[in-house]
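Q: coords please:
(one chain, ligands or ions: 2)
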Amino acid sequence: MELQKAVFPPIIAVFNHKGGVAKTTTAGNLAACLAAFGYRVVLADLDAQGNATGSFGILPLPPVGAMDVITGRVRLDEALIPTSFPGLSLLPATTQLRTAEQELGAHERSHLALRTAFASQNIAAHAHIVIIDCPPSLGTITGNALAAAAAVLIPARPDPYSHEGLVNTWHEIKRLRQNANATLNVAGILLTMTGEDTTGGDVARSMRAEFGDQVYAIAIENDPKVTEAAQMGVPVSVLDPDGGAGLGYLQATAEMITRLRRHARHDIHALAEPLPLITAQNTLRDWRSRLPGLQRRAGANPAWTAVQIANEDADDLPSAPPPARTEAPRQGFGWGALLLMLLLGGALGAAVTVFSYKDIAGH
Ligand SMILES: Nc1ncnc2c1ncn2[C@@H]1O[C@H](COP(=O)(O)OP(=O)(O)O)[C@@H](O)[C@H]1O
Ligand SMILES: [Mg+2]
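A: Ligands and ions are numbered 1, 2, ... in the order given. Okay, the predicted model is just below:
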């Protein structure tokens, strides 16, 4: 079938089994930073909560969005919403995502609906790279995201219980590789909301020891600007491009681009060389400087456009790649958990070997 032959842009699903680990924050900021690096980006919000859509100031959720594309009711170009950040468009969430299970049914190919839609709608004509914000659950929608994705990026918060979330996430990836997407890679583990506290530092160190260079060198620190940015309807990398989390996300994006470019695949369009980091940072600063004109769209009869920044050149989309260019803690972290961690560490070590990016991405 055509699906087999379709060549996709890199599609990165941001997923972790756990909620509250900064999946949505990471997806929105990666998308904005990728646009600043010169790529055309589609951010697909597949979480019925619509936080990624809302984090770009689009509230309430629009009537048409990702689910309509998945079911083939509307064309991709009818559902995409341009943002004021040149190069970045949104495939918004709609409330219909809540009933995806019923709508897509339980037949064995239901998880391929998004991949099929992206292939038939030629997603490559719209994006050099696609970022998908996934819900924390492992239902039909996440299955669709992981079946369409080239790789999954796992944000992980270094708290004592995040290990369990990582284990579950690895298992889900393994299951998906067996059943739905044999070439699904891991695009890495990004530590988020890191702080000064000793426990978090210990957990972060043990995760690095266990998962090796799957863990990004850059970690995203705890930064109150993230919440402020979300409330304003802009990514923190735009609101505060020189701050802890803002600059962290720019650097994490650079790291992701390097990882993706290192592992070319015949069925995935190669990413062109990005603009230099300083250029991307200046672009974010430029977007930041226009923010005072930002208007949050809300109310009963909104125009379905993303937030407007004082921006005369929103049409300057690069048409081609740049030329050269809460879960409450249960209890303390006891010996039982440590033993479990050691046991699972062995199993995961094997899993990492099996799924090592090299292996997977090589062919
Ligand atoms: N680096 C950070 N510093 C401070 N708060 C953060 C950071 N990253 C995310 N948050 C906040 O944590 C909460 C959960 O983040 P979110 O991205 O919605 O997680 P998820 O999508 O995994 O549920 C949000 O309120 C968000 O603003
Ligand atoms: Mg989320």
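
Q: from here on, contacts and neighbour counts on C-alpha atoms
A: OK.

Q: And the helices in the stretch 201-350 of the chain, which stretches?
A: Applying DSSP state H, counting those that start in this stretch to the stretch 201-350 of the chain gives helices spanning 225-232, 236-239, 244-262, 277-289, 335-354.

Q: low-confidence ranges in the stretch 251-363 of the chain?
A: 292-363 (pLDDT under 70).

Q: was I right about residue 244 contacting residue 226?
A: No - judged on CA atoms under 8 Å, residue 244 makes no contact with residue 226 at a distance of 9.6 Å.

Q: ok, which residues in the protein are in contact with ligand 1?
A: 19-25, 192-193, 220-224, 226-227, 245 (CA under 6 Å from any ligand atom).

Q: 8 Å instead, please
A: Residues of the chain lying near ligand 1 by CA under 8 Å from any ligand atom: 15-16, 18-27, 51, 133-136, 155, 192-194, 220-230, 245, 326.

Q: Tell me which of these fall in strands.
A: Residues of these located in strands (DSSP state E): 133, 155.

Q: Type out the ChimeraX command that picks the buried ones from the residues of the chain next to ligand 1.
A: Buried members of the residues of the chain next to ligand 1, defined by 16 or more other CA atoms under 10 Å, are picked up in ChimeraX with:
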select :15,16,18,19,21,22,23,24,25,26,27,51,133,134,135,136,155,192,193,194,220,221,223,225,226,229,230,245
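
Q: How far does whichever strand or helix holds residue 164 sit from its chain's centre?
A: Using DSSP states H and E, residue 164 falls within helix 162-179. Distance of helix 162-179 from the chain centroid (CA atoms, centre = their mean, to the nearest Å) equals 17 Å.

Q: how about it: buried residues?
A: Neighbour-count burial for helix 162-179 [16+ other CA under 10 Å]: 162-170, 172-174, 176-177.

Q: That helix packs against which elements?
A: Applying 3 or more CA pairs under 8 Å, 6 or more residues apart in numbering; DSSP states H and E, one finds that helix 162-179 contacts helix 140-148, helix 335-354.

Q: who's in contact with the first one?
A: With CA atoms under 8 Å, 6 or more residues apart in numbering as the test, helix 140-148 has contacts from 11, 13, 46, 97, 100-101, 104, 110-115, 132, 134-135, 152, 173, 176, 180-181, 184.

Q: The residues you listed in helices, which ones?
A: In this view, these that belong to helices under DSSP state H are 100-101, 104, 113-115, 173, 176.

Q: Can you tell me which of these is closest to ligand 1?
A: residue 173 (17.1 Å; CA to the nearest ligand atom).

Q: Next, count neighbours for residue 197.
A: Neighbours of residue 197 under the rule other CA atoms under 10 Å: 8.

Q: any idea how far residue 159 is from it?
A: Separation of residue 197 from residue 159 (CA to CA, to the nearest Å) stands at 10 Å.

Q: Which phi and psi values does residue 188 adopt?
A: Dihedral pair for residue 188: phi 120, psi 170, per degrees, to the nearest 10.

Q: does it really touch residue 166, like I thought?
A: No - judged on CA under 8 Å, residue 188 makes no contact with residue 166 at a distance of 11.6 Å.

Q: and residue 78, what helix or strand is that in?
A: Residue-wise, residue 78 maps onto helix 76-79 under DSSP H and E.

Q: elements contacting that helix?
A: Short answer (3+ CA pairs under 8 Å, 6+ apart): helix 76-79 packs on helix 66-70.

Q: and the next element down the chain from the helix holding residue 78?
A: Next element after helix 76-79 (DSSP H and E): strand 81-82.

Q: where does the stretch 101-250 of the chain have low pLDDT?
A: For the stretch 101-250 of the chain (pLDDT under 70), the answer is 106-108.

Q: and with 90 instead?
A: Under the criterion pLDDT under 90, the flagged ranges of the stretch 101-250 of the chain are 101-111, 137-139, 159-180, 196-203, 206-207, 210-211.

Q: tell me how far the ends of stretch 212-222 are from each other?
A: So stretch 212-222: terminal residues 22 Å apart, CA to CA.

Q: Pull out the buried residues from that stretch.
A: For stretch 212-222, a neighbour-count test (16+ other CA under 10 Å) marks 214-216, 218-221 as buried.

Q: try stretch 181-200
A: In stretch 181-200, counting by 16+ other CA under 10 Å, buried: 181, 183-194, 200.

Q: what's the answer for stretch 123-139, then?
A: 123-124, 126-136, 138.

Q: Those into JSON lines, with extra columns for distance to residue 270?
A: Converted to JSON lines, the buried residues of stretch 123-139 look like this (distance: CA to CA, whole Å):
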{"residue": "123", "distance to residue 270": "14"}
{"residue": "124", "distance to residue 270": "11"}
{"residue": "126", "distance to residue 270": "15"}
{"residue": "127", "distance to residue 270": "12"}
{"residue": "128", "distance to residue 270": "9"}
{"residue": "129", "distance to residue 270": "10"}
{"residue": "130", "distance to residue 270": "13"}
{"residue": "131", "distance to residue 270": "15"}
{"residue": "132", "distance to residue 270": "18"}
{"residue": "133", "distance to residue 270": "22"}
{"residue": "134", "distance to residue 270": "24"}
{"residue": "135", "distance to residue 270": "27"}
{"residue": "136", "distance to residue 270": "29"}
{"residue": "138", "distance to residue 270": "29"}
